[in-house]
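1. would you be able to build a 3D model of this:
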Amino acid sequence: MELVRGCVCMQWMMTIILCLAGIASLRADGIKVVCTTFPIYQITRQVTAGQPGVTLDLLLPAGLGCPHDYALTPQDMRKLAGADVLVVNGLGQEEFLGAPLRQANPGVTIVDSSSGIETLADCRHDAEDCEHAAHRANPHLFASPRQAGRLALNIAEGLAQADRDRAGACRRQADAWAAVMTALADDFSAVVRELPNNRIIQPHGVFDYLARDAGLEVVGTLQPHGHEPGASEMLRLVGLARTRGVGAVFVEPQYSDKVARTVARELGVPLAMIDPVASGPADAPLDYYEAVMRRNLETIRGIFGDGR
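-> Numbers count the residues shown, from 1 in each chain. As a prediction, this is how the structure comes out:
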(Lines give C-alpha, C1' and ligand atoms only; values in the text may rest on other atoms or scores of the structure.)
Protein backbone atom coordinates (compact mmCIF):
# COMPACT_ATOMS: atom_id res chain seq x y z
CA MET A 1 0.00 0.00 0.00
CA GLU A 2 2.81 2.42 0.88
CA LEU A 3 4.52 1.55 -2.40
CA VAL A 4 1.35 2.37 -4.32
CA ARG A 5 0.97 5.67 -2.51
CA GLY A 6 4.58 6.48 -3.25
CA CYS A 7 4.12 5.79 -6.95
CA VAL A 8 0.98 7.95 -7.08
CA CYS A 9 2.77 10.79 -5.31
CA MET A 10 5.71 10.48 -7.70
CA GLN A 11 3.36 10.63 -10.70
CA TRP A 12 1.72 13.76 -9.34
CA MET A 13 5.12 15.34 -8.71
CA MET A 14 6.24 14.56 -12.25
CA THR A 15 3.01 16.03 -13.62
CA ILE A 16 3.50 19.23 -11.65
CA ILE A 17 7.15 19.50 -12.72
CA LEU A 18 6.21 19.02 -16.37
CA CYS A 19 3.46 21.67 -16.09
CA LEU A 20 5.84 24.14 -14.48
CA ALA A 21 8.43 23.42 -17.15
CA GLY A 22 5.82 24.12 -19.81
CA ILE A 23 4.87 27.41 -18.18
CA ALA A 24 8.52 28.42 -17.86
CA SER A 25 9.05 27.62 -21.52
CA LEU A 26 5.99 29.70 -22.46
CA ARG A 27 7.25 32.69 -20.47
CA ALA A 28 10.73 32.34 -22.00
CA ASP A 29 9.41 32.07 -25.54
CA GLY A 30 6.86 34.88 -25.36
CA ILE A 31 3.88 36.50 -23.79
CA LYS A 32 0.18 36.41 -24.70
CA VAL A 33 -1.54 39.79 -24.34
CA VAL A 34 -5.30 40.21 -24.72
CA CYS A 35 -6.94 43.65 -25.00
CA THR A 36 -10.60 44.11 -24.16
CA THR A 37 -11.73 46.76 -26.66
CA PHE A 38 -10.78 47.93 -30.15
CA PRO A 39 -9.22 51.29 -29.22
CA ILE A 40 -7.13 49.74 -26.42
CA TYR A 41 -6.04 47.03 -28.83
CA GLN A 42 -4.98 49.58 -31.44
CA ILE A 43 -2.98 51.56 -28.88
CA THR A 44 -1.35 48.41 -27.50
CA ARG A 45 -0.32 47.48 -31.05
CA GLN A 46 1.73 50.67 -31.15
CA VAL A 47 3.46 49.73 -27.89
CA THR A 48 4.29 46.16 -28.95
CA ALA A 49 4.73 46.50 -32.74
CA GLY A 50 7.59 44.48 -34.14
CA GLN A 51 8.54 42.89 -30.83
CA PRO A 52 9.24 39.16 -31.17
CA GLY A 53 7.50 36.87 -28.73
CA VAL A 54 4.48 39.09 -28.15
CA THR A 55 1.15 37.63 -29.23
CA LEU A 56 -1.59 40.25 -29.20
CA ASP A 57 -5.30 39.48 -29.42
CA LEU A 58 -8.55 41.45 -29.22
CA LEU A 59 -11.22 40.09 -26.87
CA LEU A 60 -14.39 41.80 -28.10
CA PRO A 61 -15.43 42.19 -31.75
CA ALA A 62 -13.65 45.09 -33.47
CA GLY A 63 -16.93 46.57 -34.70
CA LEU A 64 -18.69 46.46 -31.34
CA GLY A 65 -17.98 49.96 -30.01
CA CYS A 66 -18.44 50.65 -26.30
CA PRO A 67 -19.33 47.33 -24.61
CA HIS A 68 -22.44 48.35 -22.66
CA ASP A 69 -24.23 45.23 -21.38
CA TYR A 70 -21.86 42.89 -23.24
CA ALA A 71 -22.07 39.16 -22.47
CA LEU A 72 -18.93 37.05 -22.85
CA THR A 73 -19.03 34.16 -25.33
CA PRO A 74 -17.29 30.77 -24.99
CA GLN A 75 -14.69 32.02 -27.47
CA ASP A 76 -14.07 35.07 -25.26
CA MET A 77 -13.61 32.80 -22.25
CA ARG A 78 -11.00 30.75 -24.13
CA LYS A 79 -9.09 33.92 -24.99
CA LEU A 80 -9.16 35.00 -21.35
CA ALA A 81 -8.02 31.57 -20.18
CA GLY A 82 -4.96 31.70 -22.44
CA ALA A 83 -3.87 35.25 -21.59
CA ASP A 84 -0.76 36.16 -19.60
CA VAL A 85 -1.79 39.83 -19.57
CA LEU A 86 -5.19 41.48 -19.97
CA VAL A 87 -5.15 45.16 -20.96
CA VAL A 88 -8.37 46.96 -20.04
CA ASN A 89 -9.84 50.38 -20.69
CA GLY A 90 -10.83 50.71 -17.03
CA LEU A 91 -13.20 53.32 -15.56
CA GLY A 92 -16.03 50.81 -15.39
CA GLN A 93 -16.09 49.90 -19.08
CA GLU A 94 -15.35 46.23 -18.41
CA GLU A 95 -18.00 45.53 -15.80
CA PHE A 96 -19.00 42.46 -17.84
CA LEU A 97 -15.74 40.68 -16.84
CA GLY A 98 -16.07 40.22 -13.06
CA ALA A 99 -16.77 36.63 -12.07
CA PRO A 100 -16.21 35.17 -15.58
CA LEU A 101 -12.61 36.43 -15.56
CA ARG A 102 -11.99 35.03 -12.08
CA GLN A 103 -13.33 31.72 -13.31
CA ALA A 104 -11.39 31.64 -16.59
CA ASN A 105 -8.02 32.97 -15.45
CA PRO A 106 -7.69 34.14 -11.84
CA GLY A 107 -3.92 34.60 -12.16
CA VAL A 108 -3.90 36.86 -15.23
CA THR A 109 -2.03 40.16 -14.92
CA ILE A 110 -4.42 43.07 -15.49
CA VAL A 111 -3.11 46.34 -16.91
CA ASP A 112 -5.50 49.26 -16.36
CA SER A 113 -4.69 51.71 -19.14
CA SER A 114 -6.55 54.55 -17.41
CA SER A 115 -4.62 54.33 -14.13
CA GLY A 116 -3.62 57.72 -12.74
CA ILE A 117 -5.12 59.78 -15.58
CA GLU A 118 -7.27 62.74 -14.56
CA THR A 119 -10.83 61.96 -15.62
CA LEU A 120 -14.01 63.88 -16.30
CA ALA A 121 -17.47 63.19 -14.94
CA ASP A 122 -19.70 61.08 -17.15
CA CYS A 123 -22.35 63.72 -17.91
CA ARG A 124 -25.49 62.22 -19.42
CA HIS A 125 -27.41 65.24 -20.73
CA ASP A 126 -25.73 68.66 -20.78
CA ALA A 127 -23.08 70.66 -18.99
CA GLU A 128 -25.49 71.64 -16.21
CA ASP A 129 -25.82 67.99 -15.16
CA CYS A 130 -22.09 67.42 -14.61
CA GLU A 131 -22.25 68.41 -10.96
CA HIS A 132 -24.63 65.48 -10.38
CA ALA A 133 -22.36 62.97 -12.15
CA ALA A 134 -19.07 63.47 -10.33
CA HIS A 135 -19.15 59.90 -9.00
CA ARG A 136 -19.13 58.45 -12.55
CA ALA A 137 -15.87 58.67 -14.49
CA ASN A 138 -16.17 59.12 -18.25
CA PRO A 139 -14.40 56.09 -19.81
CA HIS A 140 -13.83 57.59 -23.29
CA LEU A 141 -10.21 58.70 -22.83
CA PHE A 142 -9.28 57.02 -26.11
CA ALA A 143 -11.29 59.54 -28.17
CA SER A 144 -8.69 62.27 -27.52
CA PRO A 145 -5.21 61.95 -29.06
CA ARG A 146 -3.64 63.60 -26.01
CA GLN A 147 -5.21 61.02 -23.70
CA ALA A 148 -4.46 58.17 -26.12
CA GLY A 149 -0.79 58.99 -25.73
CA ARG A 150 -1.13 58.71 -21.97
CA LEU A 151 -2.94 55.41 -22.33
CA ALA A 152 0.00 54.12 -24.36
CA LEU A 153 2.45 55.11 -21.62
CA ASN A 154 0.34 53.32 -19.00
CA ILE A 155 0.08 50.21 -21.15
CA ALA A 156 3.82 50.16 -21.72
CA GLU A 157 4.52 50.44 -18.01
CA GLY A 158 2.09 47.64 -17.22
CA LEU A 159 3.61 45.37 -19.87
CA ALA A 160 7.10 46.24 -18.65
CA GLN A 161 6.19 45.00 -15.20
CA ALA A 162 4.75 41.78 -16.61
CA ASP A 163 7.50 41.12 -19.16
CA ARG A 164 10.90 42.50 -18.09
CA ASP A 165 12.64 41.20 -21.22
CA ARG A 166 10.69 43.60 -23.42
CA ALA A 167 10.29 46.46 -20.94
CA GLY A 168 12.75 48.80 -22.64
CA ALA A 169 11.27 48.31 -26.10
CA CYS A 170 7.70 48.80 -24.83
CA ARG A 171 8.61 52.05 -23.10
CA ARG A 172 10.56 53.43 -26.06
CA GLN A 173 7.76 52.71 -28.52
CA ALA A 174 5.14 54.16 -26.19
CA ASP A 175 7.21 57.32 -25.70
CA ALA A 176 7.59 57.77 -29.45
CA TRP A 177 3.88 57.25 -30.18
CA ALA A 178 2.80 59.45 -27.27
CA ALA A 179 4.95 62.24 -28.74
CA VAL A 180 3.15 61.84 -32.08
CA MET A 181 -0.21 62.00 -30.30
CA THR A 182 0.80 65.10 -28.35
CA ALA A 183 1.77 66.85 -31.58
CA LEU A 184 -1.54 65.81 -33.14
CA ALA A 185 -3.43 67.10 -30.09
CA ASP A 186 -1.61 70.41 -30.45
CA ASP A 187 -2.81 70.54 -34.07
CA PHE A 188 -6.40 70.07 -32.88
CA SER A 189 -6.00 72.92 -30.40
CA ALA A 190 -4.54 75.20 -33.07
CA VAL A 191 -7.41 74.50 -35.47
CA VAL A 192 -10.08 75.05 -32.80
CA ARG A 193 -8.52 78.38 -31.79
CA GLU A 194 -9.15 79.64 -35.32
CA LEU A 195 -12.80 78.55 -35.47
CA PRO A 196 -15.43 81.30 -35.46
CA ASN A 197 -17.58 79.14 -33.17
CA ASN A 198 -16.32 76.34 -30.90
CA ARG A 199 -19.67 75.34 -29.37
CA ILE A 200 -21.01 71.86 -30.23
CA ILE A 201 -23.65 69.28 -29.42
CA GLN A 202 -22.31 65.72 -29.19
CA PRO A 203 -24.04 62.32 -29.51
CA HIS A 204 -23.17 61.17 -25.96
CA GLY A 205 -20.19 61.68 -23.63
CA VAL A 206 -17.71 60.19 -26.08
CA PHE A 207 -16.13 63.53 -27.09
CA ASP A 208 -15.76 65.10 -23.64
CA TYR A 209 -11.98 64.56 -23.48
CA LEU A 210 -11.43 65.60 -27.09
CA ALA A 211 -13.46 68.75 -26.45
CA ARG A 212 -11.57 69.60 -23.27
CA ASP A 213 -8.15 68.97 -24.80
CA ALA A 214 -8.86 70.77 -28.08
CA GLY A 215 -10.84 73.72 -26.69
CA LEU A 216 -14.32 72.81 -27.93
CA GLU A 217 -17.29 73.67 -25.72
CA VAL A 218 -19.88 70.92 -25.32
CA VAL A 219 -23.27 72.61 -24.88
CA GLY A 220 -25.45 69.50 -24.94
CA THR A 221 -25.64 65.75 -25.46
CA LEU A 222 -28.10 64.03 -27.80
CA GLN A 223 -28.19 60.38 -26.84
CA PRO A 224 -26.82 59.62 -23.41
CA HIS A 225 -25.48 56.05 -23.61
CA GLY A 226 -27.34 55.37 -26.84
CA HIS A 227 -30.85 56.17 -25.61
CA GLU A 228 -32.81 58.52 -27.83
CA PRO A 229 -34.23 61.59 -26.09
CA GLY A 230 -37.97 62.09 -25.70
CA ALA A 231 -39.89 65.03 -27.16
CA SER A 232 -39.52 67.20 -24.05
CA GLU A 233 -35.77 66.51 -23.90
CA MET A 234 -35.44 67.43 -27.58
CA LEU A 235 -37.24 70.74 -27.03
CA ARG A 236 -35.09 71.51 -24.02
CA LEU A 237 -31.88 70.69 -25.91
CA VAL A 238 -32.84 72.76 -28.98
CA GLY A 239 -33.78 75.69 -26.77
CA LEU A 240 -30.49 75.49 -24.90
CA ALA A 241 -28.54 75.21 -28.16
CA ARG A 242 -30.24 78.29 -29.60
CA THR A 243 -29.58 80.28 -26.44
CA ARG A 244 -25.92 79.30 -26.39
CA GLY A 245 -25.40 79.73 -30.13
CA VAL A 246 -24.24 76.22 -31.02
CA GLY A 247 -22.19 76.07 -34.20
CA ALA A 248 -22.35 72.37 -35.12
CA VAL A 249 -23.79 69.01 -34.16
CA PHE A 250 -21.31 66.13 -33.90
CA VAL A 251 -22.28 62.56 -34.78
CA GLU A 252 -20.25 59.35 -34.70
CA PRO A 253 -20.39 56.34 -37.02
CA GLN A 254 -21.11 53.98 -34.10
CA TYR A 255 -24.64 55.39 -33.57
CA SER A 256 -27.61 56.41 -35.69
CA ASP A 257 -27.55 60.07 -36.78
CA LYS A 258 -31.36 60.35 -37.04
CA VAL A 259 -31.81 62.51 -33.93
CA ALA A 260 -28.72 64.56 -34.71
CA ARG A 261 -29.96 65.39 -38.19
CA THR A 262 -33.29 66.54 -36.78
CA VAL A 263 -31.58 68.81 -34.24
CA ALA A 264 -29.10 70.20 -36.76
CA ARG A 265 -31.91 70.96 -39.22
CA GLU A 266 -33.96 72.63 -36.48
CA LEU A 267 -30.99 74.79 -35.48
CA GLY A 268 -29.78 75.44 -39.00
CA VAL A 269 -26.23 74.32 -38.23
CA PRO A 270 -23.94 71.80 -39.95
CA LEU A 271 -23.58 68.15 -39.03
CA ALA A 272 -20.05 66.81 -38.48
CA MET A 273 -19.18 63.10 -38.57
CA ILE A 274 -16.37 62.58 -36.04
CA ASP A 275 -15.06 59.07 -35.35
CA PRO A 276 -13.87 58.42 -31.76
CA VAL A 277 -12.31 55.11 -32.88
CA ALA A 278 -14.48 53.20 -30.42
CA SER A 279 -14.73 50.54 -33.12
CA GLY A 280 -13.19 49.72 -36.47
CA PRO A 281 -12.38 47.02 -39.02
CA ALA A 282 -10.95 43.71 -37.84
CA ASP A 283 -8.04 44.14 -40.27
CA ALA A 284 -7.28 47.77 -39.35
CA PRO A 285 -3.74 48.85 -40.29
CA LEU A 286 -1.25 49.78 -37.59
CA ASP A 287 -1.72 53.52 -38.18
CA TYR A 288 -5.54 53.32 -38.14
CA TYR A 289 -6.02 55.42 -35.01
CA GLU A 290 -3.81 58.26 -36.19
CA ALA A 291 -5.31 58.25 -39.69
CA VAL A 292 -8.87 58.48 -38.34
CA MET A 293 -7.96 61.27 -35.93
CA ARG A 294 -6.36 63.27 -38.73
CA ARG A 295 -9.57 62.92 -40.75
CA ASN A 296 -11.45 64.18 -37.70
CA LEU A 297 -9.13 67.15 -37.54
CA GLU A 298 -9.85 68.06 -41.16
CA THR A 299 -13.59 67.65 -40.58
CA ILE A 300 -13.47 70.09 -37.68
CA ARG A 301 -11.34 72.46 -39.71
CA GLY A 302 -13.87 72.50 -42.53
CA ILE A 303 -17.22 72.27 -40.75
CA PHE A 304 -17.32 75.93 -39.74
CA GLY A 305 -16.01 77.12 -43.07
CA ASP A 306 -19.20 79.01 -43.89
CA GLY A 307 -18.58 81.39 -40.95
CA ARG A 308 -21.23 80.08 -38.55
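2. so where is the stretch 51-200 of the chain shaky, pLDDT-wise?
-> Along the stretch 51-200 of the chain, the parts satisfying pLDDT under 70 run over 123-135.
3. that one: strands as residue ranges?
-> 54-58, 85-88, 109-112, 199-202 (DSSP state E, counting those that start in this stretch).
4. format those strands as a markdown table; extra columns: distance to Asp186.
-> (C-beta placed from N, C-alpha, C; glycine too.) Shown next, in a markdown table, are the strands of the stretch 51-200 of the chain (distance: least, C-beta to C-beta, whole Å):
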| stretch | distance to Asp186 |
| --- | --- |
| strand 54-58 | 29 |
| strand 85-88 | 27 |
| strand 109-112 | 27 |
| strand 199-202 | 20 |
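5. how close does the closest residue to Gln93 other than its chain neighbours sit to His204?
-> Nearest residue to Gln93, sequence neighbours excluded (C-beta to C-beta, 6 or more residues apart in numbering): Pro139, at 4.3 Å. Using C-beta to C-beta, to the nearest Å, one gets 11 Å for the distance from Pro139 to His204.
6. tell me, how many neighbours does the residue nearest to Gln93 end up with?
-> For Pro139, the neighbour count with other C-beta atoms under 10 Å is 21.
7. again with Ala62
-> Ala62 has 16 neighbours, counted by other C-beta under 10 Å.
8. tell me, how many residues neighbour Gly92?
-> Neighbours of Gly92 under the rule other C-beta under 10 Å: 12.
9. quick one: contacts of the helix or strand in which Arg45 is found?
-> According to DSSP states H and E, Arg45 maps onto helix 38-48. Helix 38-48 has contacts (C-beta atoms under 8 Å, 6 or more residues apart in numbering) with 33, 35, 54, 56, 58, 60, 62-65, 87-89, 113, 142-143, 148, 151-152, 155-156, 159, 166, 170, 173-174, 177, 276-280, 284, 286, 288-289.
10. those in helices, which ones?
-> Of the contacts of helix 38-48, the ones assigned to helices by DSSP state H are 148, 151-152, 155-156, 159, 170, 173-174, 177, 288-289.
11. which parts of the protein belong to which domain?
-> Split into domains by automatic domain parsing, the chain comes to 29-183, 187-303.
12. circling back to that earlier point, any idea how far the residue nearest to Gln93 is from Pro67?
-> 10 Å.
13. and for the two, which residues touch both?
-> Taking C-beta under 8 Å, 6+ apart as the criterion, Pro139 and Pro67 both touch Gln93.
14. for the closest residue to Ser113 other than its chain neighbours, give me its contacts.
-> In this structure, Ser113 finds its nearest non-sequential neighbour in Leu151, 4.5 Å apart by C-beta to C-beta, 6+ apart. Listed by C-beta under 8 Å, 6+ apart, the contact set of Leu151 reads 40, 43, 113-114, 117, 141-142.
15. please enumerate the helices of the stretch 201-308 of the chain.
-> 208-214, 231-244, 258-267, 288-303 (DSSP state H, counting those that start in this stretch).
16. can you say which of these is packed in most?
-> helix 208-214 (a mean of 23; mean count of other C-beta atoms under 10 Å).
17. just checking, what packs against that one?
-> The helices and strands touching helix 208-214, judged by 3 or more C-beta pairs under 8 Å, 6 or more residues apart in numbering; DSSP states H and E, are helix 145-162, helix 167-193, strand 199-202, strand 217-221.
18. make it 7 Å
-> Secondary-structure packing of helix 208-214 (3 or more C-beta pairs under 7 Å, 6 or more residues apart in numbering; DSSP states H and E): helix 145-162, helix 167-193, strand 217-221.
19. mind listing residues that contact it?
-> The contact list for helix 208-214, computed with C-beta atoms under 7 Å, 6 or more residues apart in numbering, reads 120, 138, 140-141, 143-144, 146-147, 185, 188-189, 192, 217-218.
20. could you export those residues as CSV, including distance to Val259 and neighbour count?
-> Below are the contacts of helix 208-214 laid out as CSV (distance: C-beta to C-beta, whole Å; neighbours: other C-beta atoms under 10 Å):
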residue, distance to Val259, neighbour count
Leu120, 23, 18
Asn138, 21, 21
His140, 19, 25
Leu141, 25, 28
Ala143, 20, 26
Ser144, 24, 25
Arg146, 29, 20
Gln147, 27, 23
Ala185, 29, 21
Phe188, 26, 24
Ser189, 29, 13
Val192, 25, 20
Glu217, 20, 15
Val218, 16, 22
